[in-house]
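Participant: I'd like to go over a predicted model; first the sequence, then the structure.
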Amino acid sequence: MMSEPVTLYKLMVLYMLSKVTFPLTGAQFSDFFLTREYTNYFSLQNALTELTEAGLIRKEELHSSSRYEITHEGVQALDFFGSKISPEIIEDIDSFLSENRLRMKEAVGTVSEFYRADSRDYMVHCEIREGKSHLINLEIAVPDEEQAGKMSNHWKKRSQEIYAFIMKTLMKEDDEL
């Protein structure tokens, strides 16, 4: 193991991000680091913050979560220092990613959240992403928090069905309408 634990955590984050084709959330990092008792929440957050500030990862803030992607500079740093991660840790990360890849990809691929837009309305933000591409991105204004919550929950369950309906409807010829 390395003498500087924070450096190891940073390398582990870079390694995890280099092994996926989609962003990872702070919660997904926590799931790995905390359940396997590599570190505590505050040390992990410190590592993520330092990596972001150094430009080795990019952080995207949504209203209720953060997503992280590795940058070109992060890939270079990992190429240079990645050998400092022990084979056992690499195996543990690879195993975690293999077991959870589909669930993790789905979690960052379908986004649904709501927030208060002004004094009266709530905005429901719904999107489907594939990798770095947005397949669909909707913003819907609703009058109250209950409706916003309901719509947000339904999007998570029915996004594929809604996306397919929209595509089918938009692709119809005028004479088919």
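Facilitator: Arrived safely.
Participant: what segments of this protein are helices?
Facilitator: Along the chain, counting by DSSP state H, helices occupy 5-18, 26-35, 41-53, 72-81, 87-109, 145-171.
Participant: point out the most buried one among those.
Facilitator: helix 5-18 (a mean of 20; mean count of other CB atoms under 10 Å). C-beta coordinates here come from the backbone N, C-alpha and C atoms, glycine included.
Participant: what's the pLDDT at Asp31?
Facilitator: In this model, Asp31 is scored at 89, pLDDT.
Participant: leaving out sequence neighbours, find the closest residue to it.
Facilitator: If the residues on either side of it in the chain are set aside, Asp31 comes closest to Asn100, at 7.8 Å by CB to CB, 6 or more residues apart in numbering.
Participant: dump the residue contacts of Ile166.
Facilitator: Residues near Ile166 by CB atoms under 8 Å, 6 or more residues apart in numbering: Ile136.
Participant: now do it against Asn137, distance only.
Facilitator: With distances taken as CB to CB, to the nearest Å, Ile166 is found 12 Å from Asn137.
Participant: also Thr110?
Facilitator: On the measure of CB to CB, Thr110 and Asn137 end up 12 Å apart.
Participant: need the residues touching each of these two.
Facilitator: Glu127.
Participant: between the two, who's got more neighbours?
Facilitator: Thr110 (18 against 11; other CB atoms under 10 Å).
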